[in-house]
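**Student:** One predicted model, sequence on top.
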Amino acid sequence: MTESISGEPVRSGQASDPFALLHHDLIHDATNNALREHGLEPVYTAGPAARVAVIGQAPGRRAQASGVPWDDASGATLMQWLGVTETEFRDPGIFALLPMDFYYPGPGRGGSGDAPPRRGFAARWHPPLFALMPEIRLTLLVGRYAQQGYLPIASAETLTNTVRNYQQFLPERFPLVHPSPLNFRWHARNPWFVKDVVEDVRQHIDTALR
């Protein structure tokens, strides 16, 4: 047995695996104590050979229960947009699925949607994970929270303008609207997204995976 940077004991097998060690430290971080005590696990996937990172909002209630990122209708739509199979999407050797918070944040105010991801979570845990994934070639920023966290310009722009002008962030980053069914009105007002952006993101996915 040895100790991690959190001071908690780690099994010898974990000590040789940087992803397992980071996972252990994440779970035992003081800010996650209450979640750990309720038996909740962080919901994300990452691997050293991943080529594409998908940065989303936070796992929903269903994903938190199953432990599977994007385990809902939004995930099905996202896979369709990207032109990949579920097997490909869930392969950590291809995709890293990293929400802005790895735990379900609870219901939003008034029962409308989910609460926002915790501030500071992504800033603390994303960098060490990305440091372990040198093969990432493309990062998809899905939704407003991801875009505000990774694109300084997004704070001063509407989501529509950020997504419409996605080409200025290429080739490293590609902003997308969130595929939630609740965004059906947005899609009705912006048919250019499916017509133009979806086709382009598929091409960039294909390039990143070659």
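**Tutor:** Yep, that arrived.

**Student:** Pull up the distance across stretch 99-114, start to finish.
**Tutor:** Length of stretch 99-114, first residue to last, CA to CA, to the nearest Å: 13 Å.

**Student:** Going by neighbour count, which residues in that stretch are buried?
**Tutor:** Buried residues in stretch 99-114, defined by neighbour count with 16 or more other CB atoms under 10 Å: P99, M100, D101, F102, Y103, Y104, P105, D114. Quick note: C-beta positions are derived from backbone N, CA and C, even for glycine.

**Student:** all strands for this protein, in order.
**Tutor:** 2-3, 9-10, 52-55, 95-97, 138-142, 173-176 (DSSP state E).

**Student:** how about these in CSV, adding mean neighbour count, distance to Y166 and mean pLDDT?
**Tutor:** Formatted as CSV, the strands of the chain follow (neighbours: other CB atoms under 10 Å; distance: least, CB to CB, whole Å; pLDDT from 0 to 100):
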stretch, mean neighbour count, distance to Y166, mean pLDDT
strand 2-3, 10, 44, 44
strand 9-10, 16, 41, 52
strand 52-55, 24, 14, 98
strand 95-97, 27, 19, 98
strand 138-142, 22, 9, 98
strand 173-176, 24, 5, 98
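
**Student:** Next, format those as JSON lines and append distance to P152.
**Tutor:** Formatted as JSON lines, the strands of the chain follow (distance: least, CB to CB, whole Å):
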{"stretch": "strand 2-3", "distance to P152": "37"}
{"stretch": "strand 9-10", "distance to P152": "36"}
{"stretch": "strand 52-55", "distance to P152": "15"}
{"stretch": "strand 95-97", "distance to P152": "22"}
{"stretch": "strand 138-142", "distance to P152": "12"}
{"stretch": "strand 173-176", "distance to P152": "12"}
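
**Student:** nearest to W70, of these?
**Tutor:** W70 lies closest, by CB to CB, to one member of the strands of the chain: strand 95-97, at 6.5 Å.

**Student:** Quick one: distance of the closest one to the chain centre.
**Tutor:** 7 Å (CA atoms, centre = their mean, to the nearest Å).

**Student:** And for that strand, what's in contact with it?
**Tutor:** With contacts defined as CB atoms under 8 Å, 6 or more residues apart in numbering, strand 95-97 is touched by 44-47, 50-54, 56, 69-70, 84, 88-90, 129, 133, 136.

**Student:** taking these one by one, which sit in helices?
**Tutor:** Per DSSP state H, helices hold the following members of those: E88, F89, L129.

**Student:** quick one, what contacts the first one?
**Tutor:** In this structure, E88 makes contact with I94, F95, judged by CB under 8 Å, 6+ apart.

**Student:** quick one: the helices in the chain?
**Tutor:** Going by DSSP H, the chain shows helices at 12-15, 18-27, 33-37, 61-66, 73-82, 86-89, 121-131, 144-150, 159-164, 184-189, 192, 198-209.

**Student:** out of the ones you listed, deepest packed?
**Tutor:** With neighbours defined as mean count of other CB atoms under 10 Å, the helices of the chain peak in mean count at helix 144-150, which reaches a mean of 21.

**Student:** Tell me the helices and strands packed up against that one.
**Tutor:** Where contact means 3 or more CB pairs under 8 Å, 6 or more residues apart in numbering; DSSP states H and E, helix 144-150 is packed against strand 52-55, strand 138-142, helix 159-164, strand 173-176.
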